[in-house]
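A.B. asks: Have a look; sequence and predicted model below, questions after that.
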Amino acid sequence: MPLPAPAPDAAVVVTGASSGIGAAVARELGRRGHPMVLVARSGDALADLAAELRALSGQDAAVHALDLGTDADLAAARELVDDDRVAGVVNAAGFGVTGRVAELADVQAALDGLVRVNVLALHSLTVAAVGALVRRAAADARPGAILNVSSITAFQPLPGAASYAASKAFVQSFSEAVHTELAGTGVTLTTLSPGLTRTGFADAAGTDFGRAPDLVVGEAADVAAAGVEAMVRGDRSVTPGLVNQLTALGGRLAPRTLLLPALDAGMDLYGA
């Protein structure tokens, strides 16, 4: 079992914990009894969640209001990972920006920020977590686990969300490769690749997914449960839901000449 059983010396660091899938993963871990270290920009939201988790699990839930898009706060987050009480890390911090790149040139800072958080911060924290967890596993045979949150957009280019989909393609490729590298170390890296999920993500990204049929929109709690269960097992990756699994498969196998125009038209429907 790569993620150790709940214990004071088996805390899990969760980034992006103030809302969305990150908060749902924290609640799932709390339901299972894990102590946590919560990281996000919103200190107030984290404080509220921490109080909820302490009541749910009876374990500690530490709060660190950090902006992973800044060098100083990213360095502080790496220090949180390098703690002997940490046995797991969940990289759920991230955000999206939708729109055509030509139309987004005047908000390049937002696109640069997306890459810093979705790619650079996740990469940096994963490398730090791998180093720390493998070292501990070698020293005292204690297993460890990492969960990186990707997306089904990782499996194909996505006009109207080009930077976001590319950032998740990095997460997927990097994470699956590192999972393989970790074989035999006692540490695993699992990639969670959800589809559309009921969170505040779409509103923050500037996209209207309200017209999407219920069949293709998942609940954050279900996504979190699937991700944590896969993390506990040490799976390489998990894509919750049959529709999402078929979508990911189609994104990998469909000819780009047919797929990209269809995706382009579909994103138009949602204002991207």
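C.D. replies: Done, it's in.
A.B. asks: So what touches stretch 41-58?
C.D. replies: In this structure, residues lying in contact with stretch 41-58 by C-beta atoms under 8 Å, 6 or more residues apart in numbering are 6, 17-19, 23, 26-27, 30-36, 38-40, 59-67. The C-beta positions use only the backbone N, C-alpha and C, and glycine is treated the same way.
A.B. asks: which residues in the stretch 101-250 of the chain form strands?
C.D. replies: Using DSSP state E, counting those that start in this stretch, the strands of the stretch 101-250 of the chain run over residues 144-149, 187-192, 197-198, 218-219, 237-238.
A.B. asks: Would you single out the least confident of these?
C.D. replies: Comparing mean pLDDT over the strands of the stretch 101-250 of the chain, the weakest stretch is strand 197-198, at a mean of 78.
A.B. asks: rewinding a little: make JSON lines from the strands of the stretch 101-250 of the chain and add mean neighbour count to it.
C.D. replies: JSON lines is the format used below for the strands of the stretch 101-250 of the chain (neighbours: other C-beta atoms under 10 Å):
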{"stretch": "strand 144-149", "mean neighbour count": "28"}
{"stretch": "strand 187-192", "mean neighbour count": "28"}
{"stretch": "strand 197-198", "mean neighbour count": "20"}
{"stretch": "strand 218-219", "mean neighbour count": "17"}
{"stretch": "strand 237-238", "mean neighbour count": "20"}
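A.B. asks: just to revisit the earlier point, selection in ChimeraX covering whichever of the contacts of stretch 41-58 are buried, please.
C.D. replies: Written as a ChimeraX command, the selection of buried residues from these, which uses 16 or more other C-beta atoms under 10 Å, is:
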select :6,17,18,19,23,26,27,30,32,34,35,36,38,39,40,59,61,63,64,65,66,67
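A.B. asks: Could you tell me which of the contacts of stretch 41-58 belong to helices?
C.D. replies: Within the contacts of stretch 41-58, residues falling in helices by DSSP state H are 23, 26-27, 30-31.
A.B. asks: and which of those is nearest residue 76?
C.D. replies: Here the nearest of the ones in helices among the contacts of stretch 41-58 to residue 76, counting by C-beta to C-beta, is residue 26; it sits at 18.8 Å.
A.B. asks: these two touch, right, that closest one and residue 36?
C.D. replies: Yes. Using C-beta atoms under 8 Å as the test, residue 26 is close enough to residue 36 to be in contact (6.0 Å).
A.B. asks: tell me, what's touching the two both at once?
C.D. replies: When C-beta under 8 Å, 6+ apart defines a contact, the residues bordering residue 26 and residue 36 alike are 14, 17, 53, 61.
A.B. asks: Just those: which are in strands?
C.D. replies: Among the shared contacts of residue 26 and residue 36, the members falling in strands are 14, 61 (criterion: DSSP state E).
A.B. asks: can you list the shared contacts of residue 26 and residue 36 in JSON lines and add distance to residue 106?
C.D. replies: Written out in JSON lines, the entries for those read as follows (distance: C-beta to C-beta, whole Å):
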{"residue": "14", "distance to residue 106": "34"}
{"residue": "17", "distance to residue 106": "32"}
{"residue": "53", "distance to residue 106": "40"}
{"residue": "61", "distance to residue 106": "40"}
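A.B. asks: ok so, going back, pick the one among the ones in helices among the contacts of stretch 41-58 closest to residue 138.
C.D. replies: residue 26 (28.3 Å).
A.B. asks: ok, the residue nearest to residue 40 when sequence neighbours are not counted to residue 70 distance?
C.D. replies: In space, residue 40 comes closest to residue 18 once its chain neighbours are excluded; the distance is 3.6 Å by C-beta to C-beta, 6 or more residues apart in numbering. Counting by C-beta to C-beta, to the nearest Å, the gap between residue 18 and residue 70 amounts to 16 Å.
A.B. asks: One more: residue 238?
C.D. replies: 31 Å.
A.B. asks: try residue 160
C.D. replies: Counting by C-beta to C-beta - residue 160 and residue 70 are separated by 28 Å.
A.B. asks: Give me the more crowded residue out of the two.
C.D. replies: Applying other C-beta atoms under 10 Å to residue 160 and residue 70 shows that residue 160 carries more neighbours, namely 22 against 15.
A.B. asks: so what's the residue nearest to the spatial centre of the chain up against?
C.D. replies: Ranked by distance to the mean C-alpha position of the chain (C-alpha atoms, centre = their mean), the top residue is residue 149 at 2.3 Å. By C-beta under 8 Å, 6+ apart, the contact set of residue 149 is 16, 21-22, 25, 90-92, 94, 171, 192, 194, 227.
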